[in-house]
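>>> Structure for the following, please:
(one chain, ligands or ions: 2)
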Amino acid sequence: MATSFNNGNSLFDFVVRDGNGVKGLADLGLSAVPDRYIQPAEERIEKQKAISGHMLAAPIDLSKLDGPSHEQVVAEIAGAAEALGFFQVVNHGVPVELLESLKDAAHKFFCQTPEKKAVYRGPPVKYGTSFVPEKEKALEWKDYISMAYTSDADALQYWPMECKEVALEYLNATAKMVRKIVEILIWKLGVTVLDDSIMNGLVASKMVNMNFYPTCPNPELTVGVGRHSDMGTLTVLLQDGIGGLYVKLEEDIADAGKKGEWVEIPPIPGALVINVGDTLQIVSNGRYKSAEHRVRTSSNESRVSIPVFTTPKPSETIGPLPQVVETDGVARYRQVVFQEYMNNFFGNPHEGKKSLDFAKP
Ligand SMILES: O=C(O)CCC(=O)C(=O)O
Ligand SMILES: [Fe+2]
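Ligands and ions are numbered 1, 2, ... in the order given. Predicted coordinates:
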């Protein structure tokens with residue numbers, strides 16, 4: 001019997017309610033995606049239209065922060081955060097073998113039966129599909145698992161067996177780098193006396209996700225993830241070799257493209273992708289760009305990506321740093337309680353950088 005899923009709630013029930021996910025759908029061997037996955041024309045991603053990110057700066061070598069080129073590396077990091085909000089790093093201190101194990105663990109987790117995955121209804125662990133499927137007109141071609149961090153002991157107790165050890169090691173190994181990059185970025189704002197409480201507030205909470213994008217029969221009609229920015233301070237992302245992560249240029253960048261064009265962040269073996277989140281855009285009063293990004297699906301192979309999101313804690317009030325407002329003469333964002341910012345972010349479908357409107361004065 002041909003399964004079309006194009007009427008009633010059967011698709012939603014199969015994919016979302018019953019926990020089969022997009023993986024379950026892809027495993028049926030459909031020759032075309034169900035209507036519910038077809039994006040409006042303006043949201044579709046034409047591969048040939050994006051400019052290759054190889055035109056952008058080469059990956060930043062973080063080991064050079066400890067040598068004579070320290071100042072130059074600091075300038076590269078701040079420059080990338082101001083211009084594009086995305087950059088890649090190498091020699092980042094996270095073992096490259098660990099990165100390989102993480103990708104394997106992600107495949108292992110998602111290749112389990114729906115029953116095994118669907119026990120994670122969260123928190124602290126949530127297995128899901130798309131972003132907010134109840135509210136989205138078109139669904140995203142993506143399953144994910146979110147693992148919120150409270151302590152090492154909790155992680156080892158509650159996170160899935162298939163990935164808990166590597167995911168925890170990854171989270172702990174990236175934490176040091178994240179703190180260093182955020183310190184550099186805050187210092188570059190001219191905030192030279194860095195109160196520990198400011199730093200601790202910005203990097204207080206952590207979460208590891210594993211995203212799984214099954215092979216898709218219609219990459220030209222769908223999205224893996226729709227246009228969005230990340231809500232936190234800084235995201236570290238491990239992507240595999242398949243590609244498909246696109247970032248929108250917020251301004252003209254020489255040799256890369258014009259404002260509004262999309263560039264692909266090319267997979268670089270051993271590298272990690274870093275991107276600025278909304279929180280850092282707010283705190284820096286708009287100096288650093290929380291980059292709008294999206295993901296294309298692939299018809300050849302399943303793709304995995306593994307982000308670590310570092311955010312303030314929910315009770316934290318965030319707003320532009322006073323020293324920056326003084327220099328700029330204007331506060332471009334208001335003070336918001338981070339829990340409220342998150343509620344708004346997770347309560348609405350992805351829509352580019354609209355999430356930031358919540359913090360507009
Ligand atoms: O899969 C990717 O490359 C990006 C995923 C992403 O943007 C996210 O999880 O927020
Ligand atoms: Fe993202």
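
>>> The nearest residue to residue 258 once chain neighbours are set aside: how many residues sit nearby?
Nearest residue to residue 258 in three dimensions, chain neighbours excluded: residue 252, at 5.1 Å (CB to CB, 6 or more residues apart in numbering). All C-beta spots, glycine's among them, are computed from the backbone N, C-alpha and C. Using other CB atoms under 10 Å, residue 252 is surrounded by 12 other residues.

>>> isn't residue 252 right next to residue 84, touching?
No. Contact criterion CB atoms under 8 Å: residue 252 and residue 84 do not qualify, at 11.3 Å.

>>> if we can go back for a sec, let me see the backbone angles for the residue nearest to residue 258.
Backbone torsions of residue 252, given as degrees, to the nearest 10, read phi -60, psi 130.

>>> How about the one 3 residues further on?
Its backbone dihedrals place residue 255 at phi 70, psi 0, with angles given as degrees, to the nearest 10.

>>> how far away is it from ligand 1?
Separation of residue 255 from ligand 1 (CB to the nearest ligand atom, to the nearest Å): 23 Å.

>>> Also residue 290?
Going from residue 290 to ligand 1 by CB to the nearest ligand atom gives 11 Å.

>>> you'd agree that residue is up against residue 278?
Yes. Using CB under 8 Å, residue 290 is in contact with residue 278, at 4.6 Å.

>>> Which neighbours do these two have in common?
Taking CB atoms under 8 Å, 6 or more residues apart in numbering as the criterion, residue 290 and residue 278 both touch 229-230, 353, 356.

>>> Low-confidence stretches in this protein?
Along the chain, segments meeting pLDDT under 70 span 1-4, 7-8, 53-55.

>>> Enumerate the residues of it near ligand 1.
Contact residues (CB under 6 Å from any ligand atom) of the chain with ligand 1: 209, 211, 225, 230, 237, 239, 245, 293, 295, 305, 307.

>>> Now tabulate those in CSV and tack on neighbour count.
Conversion of these to CSV gives the following (neighbours: other CB atoms under 10 Å):
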residue, neighbour count
209, 20
211, 22
225, 23
230, 24
237, 21
239, 25
245, 24
293, 25
295, 24
305, 25
307, 23
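
>>> Export those as TSV, with columns for distance to residue 123 and secondary structure.
Putting the residues of the chain next to ligand 1 into TSV (distance: CB to CB, whole Å; DSSP: H, G, I helix; E, B strand; the rest coil) gives the following:
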residue	distance to residue 123	secondary structure
209	13	strand
211	18	strand
225	21	strand
230	18	coil
237	21	strand
239	25	strand
245	26	strand
293	25	strand
295	24	strand
305	21	strand
307	17	strand
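
>>> how about the helices in the stretch 1-150 of the chain?
Listed in chain order, the helices of the stretch 1-150 of the chain (DSSP state H, counting those that start in this stretch) span 10-12, 21-26, 70-83, 96-110, 114-117.

>>> Quick check: which of those is buried the most?
Greatest average neighbour count among the helices of the stretch 1-150 of the chain goes to helix 21-26 (a mean of 23), per mean count of other CB atoms under 10 Å.

>>> export that one as PDB, just CAs?
Provided in PDB are the C-alpha atoms of helix 21-26 (Å, rounded to 0.1, in the frame of the first residue of the first chain):
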ATOM      1  CA  GLY A  21      10.200  11.100  13.700                       C
ATOM      2  CA  VAL A  22      11.400  12.000  10.200                       C
ATOM      3  CA  LYS A  23      13.700   9.000  10.400                       C
ATOM      4  CA  GLY A  24      10.600   6.700  10.600                       C
ATOM      5  CA  LEU A  25       9.200   8.500   7.600                       C
ATOM      6  CA  ALA A  26      12.400   8.200   5.600                       C
END
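
>>> ok, back up a step: which one of the shared contacts of residue 290 and residue 278 is nearest to ligand 1?
Nearest to ligand 1 among these: residue 230, at 5.3 Å, using CB to the nearest ligand atom.

>>> pretty sure that closest one is touching residue 309, no?
Yes. Residue 230 lies in contact with residue 309 (CB under 8 Å); the separation is 6.4 Å.

>>> Overlap in contacts, these two.
Common contacts of residue 230 and residue 309 (CB under 8 Å, 6+ apart): residue 277.

>>> got the CA positions of the longest helix seen in the chain in PDB?
Using DSSP state H, we find that the single longest helix of the chain is helix 164-187. Extracted as PDB, the C-alpha positions of helix 164-187 are listed here (Å, rounded to 0.1, in the frame of the first residue of the first chain):
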ATOM      1  CA  LYS A 164      26.100  10.000  27.300                       C
ATOM      2  CA  GLU A 165      29.800   9.500  27.800                       C
ATOM      3  CA  VAL A 166      30.900  11.200  24.600                       C
ATOM      4  CA  ALA A 167      28.300  14.000  24.800                       C
ATOM      5  CA  LEU A 168      29.400  14.800  28.400                       C
ATOM      6  CA  GLU A 169      33.100  14.700  27.500                       C
ATOM      7  CA  TYR A 170      32.300  17.100  24.500                       C
ATOM      8  CA  LEU A 171      30.400  19.500  26.700                       C
ATOM      9  CA  ASN A 172      33.100  19.700  29.300                       C
ATOM     10  CA  ALA A 173      35.900  19.900  26.700                       C
ATOM     11  CA  THR A 174      34.100  22.800  24.900                       C
ATOM     12  CA  ALA A 175      33.300  24.700  28.100                       C
ATOM     13  CA  LYS A 176      36.800  26.100  28.500                       C
ATOM     14  CA  MET A 177      37.000  27.300  24.900                       C
ATOM     15  CA  VAL A 178      33.600  28.900  25.100                       C
ATOM     16  CA  ARG A 179      34.500  30.800  28.200                       C
ATOM     17  CA  LYS A 180      37.800  32.000  26.600                       C
ATOM     18  CA  ILE A 181      36.000  33.200  23.400                       C
ATOM     19  CA  VAL A 182      33.300  35.000  25.400                       C
ATOM     20  CA  GLU A 183      35.900  36.700  27.600                       C
ATOM     21  CA  ILE A 184      37.700  37.800  24.500                       C
ATOM     22  CA  LEU A 185      34.600  39.200  22.900                       C
ATOM     23  CA  ILE A 186      33.500  41.100  26.100                       C
ATOM     24  CA  TRP A 187      37.000  42.500  26.500                       C
END
